[in-house]
Structures are given as structure tokens and as C-alpha cells.
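Chemist: next comes the sequence, and after it the predicted model I'd like to discuss.
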Amino acid sequence: MYGLSLNVRAAILSCLILIVGLLVWEAAIPAQKAVGELTEYERLTGGGQPKAGVPPPSQVIVKAWEQLSDPFYDAGPNDKGIGIQIGYSIYRVLTGYFLAAAVAIPLGFLIGMSPIAYKALNPFIQVLRPISPLAWMPLALFIIGDSEASAIFVIFICSIWPMLINTAFGVAGVREDWVNVARTHELGALKTAFMVILPAAAPTIVTGMRISIGIAWLVIVAAEMLVGGTGIGYYVWNEWNNLDLTSVVFSILMIGVVGMFLDSMFAYLQRRVTYVE
Amino acid sequence: MKPYLSIENLTQTFPDGAGGDLTVFENSSFGVEKGEFVVILGHSGCGKSTIMNILAGLAEPTSGVVVMDGQEVKGPSLDRGVVFQNYSLLPWLSTLNNVSFGVAARHPEWTKAQVAEHSTKFLAMVGLEGDVIRRKPSQLSGGMRQRVSIARAFANHPKLLLLDEPFGALDALTRGTIQDELLKIWGQMEQTVFMITHDIDEAILLADRILLMTNGPKARVAESVEITIPRPRYRTEIVEHPNYYAIRNHLVQFLGKRSKEMAGQQTEPGQSNKPTTVRIDKTDPQDDPEDKRPALRAVNS
């Protein structure tokens, strides 16, 4: 055992924790009657499920297999494959997120480079930043009038702040020596921005982008529960209304997996732009 | 006839934080000839680095002008290359790219291959070749980083090269090696150099002329000491030269005593505020042969 590398030992421990956890979960759920033994009425009221139907992991795995083997089926508004639902959510997150990046990064540059802009905009940022993104939802629905666009707007407004603040912080913190190198080499404003300030501030900017994508993914689930129609958040809520807790547990896990995937993309980007002084 | 680089009545005042003004240096005037290696010596706080920043165009003097090659210095320019004490390499670029981005800025019309070739050549001149030039600055030692910085400056053929205590952060042995490399590359390029240092021996080894500053506040360049030791100079040989200790003693005396006594003194209005030229030459034939033992010789000043 001690001959194995740290990573291998950690992986073995992870698997053990998973197996033990699943076994405990499985054992904690009382056996249920097979669906076939229930009457139509019992099935409709969920009567055959004593603990309001918290499903054992075996059922979740079966559900996951079933869903993941055909993720893109579309059988009407309330019955779409998990792939389609997640696809909608990712589309909204990325649209809102990149709109936010397109505003936040240039604006962050401006704030970072100009002390006047920083001081002038700081009070607005400080007031707007702590507002829960969902608090914007009624206003967005009223003004924009479209639930899809409102969801995107909510993502936009929640992802803008970490990117804006980190960009400004990163740009303002670029070492003066490096800027002086650019100045003594007569680099123009644009060249200085792209050749010196952007790479110098990139680790901080990407950290902000990573925080933002995390928040955006948290918020989209809640936003979709409100706006409905499509998306993983709507799917969770819909399955809750159907009392299909197996699907709820399964979709919770999928939210985690997709979130991890989004985060690891930015972790990779972060490693690419990080430099050692 | 004005010298190639002419510093005229330079004054720098900073707010002292208590509502008043602090005059770092006042009415400093001096010149540097083309191809000359001039070193400025002085205590901390006399404004050496401020003068350097003004020459580089990174700072503006409160009053006075700097004229180089007939043109007033306004803002930074590729004509004035700077080697900073802390190397100021861009850590996200490889060693080669740290040099080549400067070359590309100097010669926008060159192809990538030309830029790379020119940069590689100058890195080789400071002894950086092969695999090393693909590394990031963080993977280099302090000495290697300063070599990159020197290569970057020389590769641009600036009209004036400014060295701001370039060896201040290096250990004595590395410093010696890079000083030799600097001398070699300077000898090949006929580059005009203006350098700040704290190290008297380094100044004597490298300089044609040493400018001595009085202590701040209200410092000024008081003396210009010619280094009457022929080139090429080697650190092991120049200490044997009869002028070496005479010059060294003069410098030590100035920095130890007279820089303090002369602090704050200004020249009379109307008088020239150019530094007094000091020439110490023991190799004159009528000199006492006893001077061959420099360590025992009395100070001549």
C-alpha cells in the first residue's frame, strides 16, 4: 500500500468513500413495493412510497443509465431528454456570461487604469454587487418582457461583478516596472494593453472569470425554476412536481457534474495564463 | 559646443508630506560625450535614480532640460534604453521573446526571422545560448536575468544606454562576470552609457568618467573625475595601476567626507554650476617611484 503513489492511494480512498456512502444510502432506504404490486390509486398518490420516495442509489443509477443512453429525445414541452435540458441551461449561462465578459473586461481595464473612473464608479459597483441576481428577475421580466432573455439577463448581471472587480484589481496592480518597459520601448496604448497589461493581469482576470462562471451556474438553476419552460433548473422543479425524486436526485448530480466541467475549463485556462515572477 | 547629452540646471522638488517641498537636487548640470561611459556615484537620497528616470523620460524634472543629440528629451523613447536594477523582464515571455519584443518594437519593418536572429545574436553576446533562451525568466538565476536585460538594451542600439544599479542585486562573483561581459559588449558597440552605482571599484573598472554627487537634499553634481587608466581594463590588472588607488582614495574621501560638507552648497549665481573636472595621473614621469606601492601612498586630493 505504501509503495503506491499519493494519487493512487487518494483515488483508492475516494472509491472506498463512494462505495461505503452508496451502501449506507441504499441500506437506509426501506425496501419498496414493486410498482406492479400497487394499485393505480396508490401509484398516483405515491402511497406505495413510505418516505415520500427518496430513492436508493440503485434506482438513481438505473435512471441515470436510462437518461444518459438517450439524452436528446424530445417528447413534448414537459418531456425532454436531460441533454436538451442541460444544453438550454449551458446556452443561457454562456450567452449571459460572455455578454458580461464583453462589458466587464473592457470596463475593468478602464477602471483599473484610471483612478478617476475607479473612484467615480466604485459606489455604483458597491451598491449593485450585493444584490441577489434573482431580485432583478421581476424587473427584467417586466422591462424585457421575455422569460428567455430575462434569464440571460440575470446571468449577465450576476457574472459581471467578479469579472469587473478582478479585472480592475489586476490591471491596477500591474507592476510599474513592466509598464515602464513598455514605455521605454515606445509601445502604443493598444500594444501596451495587449502585450503587457493583459498578460500581466491575466491570472487575476481569469480568476474573476472562474468565480463568475461558478456563480452563473448556481444562479441559472434558480432562474430556470422561476422562468420555466426548459433548462436543468426547470427540469428539477418539474420532476419535483411529478414527485419523481429519482429524477430530481439524478439531475442534482448532473448539475454538479456540469458545474465541475465548467469550472475545470477555467482552471485549465488559469494554469495557461499563470506566470511565476 | 554642447556635449552629446547635456543636462542643464536640473531641479527636482517633491512634496515632503508636511505641506512643504523637498528639493532633491538643484541646478544640476553636466554633460556626457558620445561613446562615453559615465558613472554617477552618490549617497542614497541624492536623487541619482530620479536623474536616471528623467534621462529615461519616465519622469519630468521640476525645472531644467535634458538635451540629447540636439533634441530635448520629452517622454520615453527607444533612443534611450534602460536596464533596471530589478531586471524588469516580462515573466510570461520566454528569454528570447523578452529580447525580441524590444527588437520588434525598434524595427517594425523586420520579419520575424530577422528579429529572432538579431535577438539570438545579442543573447549569445552575453553568454546565453541554446536551450536557455527558451526558458522563462523565473527559471533563470539573477545573473542570467540581468544578462537578458542587458542584451535587450544593447540589441536596440539606443543612442544612450541607462543602467540603474544593474548589478545591485547580484552576488560579488556574478557581478564580476557580468561587469566583464558588459565591458566586452560596450567595447564592441561604442555605446554611450550612463550608469548609477554604489560600488566604487565597479565605477573605476567601467567608467571613463565618474560624476560625484553631494548629499541631498539640494544635491548637485560637484565633481567629474576622469579615470586615467587605459583600456582594455581587467579587474585583476587595474589594481596594479598606479592611478587606481589614487583615484579610489579620492572617491572614498569625497563620499566619506566632502559630499557631506558640500551638501546643500550652491554655486554663486552667475557662476558655472558645471562639475569641477578632477584629473589624477600618477604615471607622469616626474612622479615618485614609491608610488608603485599604492596602498602605502598618501591621498592626493
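Modeler: The structure has been received and is ready for your questions. Numbers count the residues shown, from 1 in each chain, chains lettered A, B, ... in the order given.
Chemist: quick one: low-confidence ranges for chain A?
Modeler: A:1-2, A:31-38, A:42-43, A:45-53 (pLDDT under 70).
Chemist: near the residue lying closest to residue B:81 once chain neighbours are set aside, how many other residues are there?
Modeler: Of all residues not flanking residue B:81 in the chain, residue B:158 sits nearest, at 3.5 Å (CB to CB, 6 or more residues apart in numbering or on different chains). Backbone N, C-alpha and C define where each C-beta goes, glycine included. Residue B:158 has 20 neighbours, counted by other CB atoms under 10 Å in any protein chain shown.
Chemist: quick one, what contacts residue B:158?
Modeler: The contact partners of residue B:158, by CB atoms under 8 Å, 6 or more residues apart in numbering or on different chains, come to B:78, B:79, B:80, B:81, B:191.
Chemist: the first one and chain A: what is the separation?
Modeler: The one in question is residue B:78. Going from residue B:78 to chain A by CB to the nearest CB, to the nearest Å gives 5 Å.
Chemist: now do the residue lying farthest from the centre of chain A against residue A:200, distance only.
Modeler: Relative to the mean C-alpha coordinate of chain A, counting by CA atoms, centre = their mean, the farthest residue is residue A:184 (43.2 Å). In this view, residue A:184 and residue A:200 are 16 Å apart by CB to CB, to the nearest Å.
Chemist: on contacts alone, who are the packing partners of the helix or strand hosting residue A:149?
Modeler: Per DSSP states H and E: residue A:149 is located in helix A:147-172. Packed against helix A:147-172, as judged by 3 or more CB pairs under 8 Å, 6 or more residues apart in numbering or on different chains; DSSP states H and E, are the following elements: helix A:82-113, helix A:115-128, helix A:137-144, helix A:198-227.
Chemist: adding mean neighbour count, write those out as CSV.
Modeler: Compiled in CSV, the helices and strands packed on helix A:147-172 are given as follows (neighbours: other CB atoms under 10 Å in any protein chain shown):
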stretch, mean neighbour count
helix A:82-113, 20
helix A:115-128, 12
helix A:137-144, 15
helix A:198-227, 22
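Chemist: which among the ones you listed is found nearest to residue B:13?
Modeler: Closest to residue B:13 of the helices and strands packed on helix A:147-172 is helix A:115-128 (CB to CB; 22.7 Å).
Chemist: starting at the chain centroid, how far to the closest one?
Modeler: In terms of CA atoms, centre = their mean, to the nearest Å, the centre of helix A:115-128 is set 27 Å apart from its chain centre.
Chemist: kindly report the same for stretch A:221-229.
Modeler: Averaging C-alpha positions (CA atoms, centre = their mean) puts stretch A:221-229 14 Å from its chain's average.
Chemist: which residues touch it?
Modeler: For stretch A:221-229, contacts defined as CB under 8 Å, 6+ apart pick out A:77, A:88-89, A:92, A:133-134, A:137, A:141, A:147-148, A:150-151, A:154-155, A:230-234, A:236-237, A:255.
Chemist: alpha carbons of it, as PDB, please.
Modeler: Coordinates of the C-alpha atoms in stretch A:221-229 are reproduced here as PDB (Å, rounded to 0.1, in the frame of the first residue of the first chain):
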ATOM      1  CA  VAL A 221     -30.800  26.700 -11.800                       C
ATOM      2  CA  ALA A 222     -32.800  29.100  -9.600                       C
ATOM      3  CA  ALA A 223     -33.600  31.300 -12.500                       C
ATOM      4  CA  GLU A 224     -34.900  28.500 -14.600                       C
ATOM      5  CA  MET A 225     -37.100  27.300 -11.700                       C
ATOM      6  CA  LEU A 226     -38.700  30.700 -11.900                       C
ATOM      7  CA  VAL A 227     -39.000  31.300 -15.600                       C
ATOM      8  CA  GLY A 228     -39.800  27.700 -16.500                       C
ATOM      9  CA  GLY A 229     -40.100  26.100 -19.900                       C
END
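Chemist: please tell me how far the residue in the stretch 151-300 of chain B that chain A sits nearest to sits from residue B:2.
Modeler: Distances between the stretch 151-300 of chain B and chain A by CB to the nearest CB are smallest at residue B:156, namely 7.8 Å. Separation of residue B:156 from residue B:2 (CB to CB): 25 Å.
Chemist: who has more neighbours, the two?
Modeler: For residue B:156 versus residue B:2, neighbours defined as other CB under 10 Å are more numerous around residue B:156 (22 against 10).
Chemist: chain neighbours aside, what residue packs nearest to the more buried one?
Modeler: Residue B:156's closest residue in space is residue B:106 (CB to CB, 6+ apart), at 4.7 Å.
Chemist: ok, residue A:71 next?
Modeler: Per CB to CB, 6+ apart, closest to residue A:71 is residue A:83, 2.9 Å.
Chemist: would you tell me which helix is longest in chain B?
Modeler: In terms of residue count, the longest helix belonging to chain B (DSSP state H) is helix B:172-189.
Chemist: show the subsequent helix or strand relative to that one.
Modeler: Following helix B:172-189 in sequence, per DSSP H and E, is strand B:193-197.
Chemist: centroid residue for the chain?
Modeler: Went with chain A since none was named. The residue lying closest to the centre of chain A (CA atoms, centre = their mean) is residue A:217, at 2.0 Å.
Chemist: should've been chain B
Modeler: For chain B, by CA atoms, centre = their mean, the most central residue is residue B:195; offset 0.6 Å.
Chemist: residue B:230: neighbouring residues, count only.
Modeler: 10.
Chemist: helices and strands around the helix or strand containing residue B:64, which ones?
Modeler: According to DSSP H and E, residue B:64 maps onto strand B:63-68. Where contact means 3+ CB pairs under 8 Å, 6+ apart, strand B:63-68 is packed against strand B:5-15, strand B:21-32.
Chemist: alright, that wraps it up for me.
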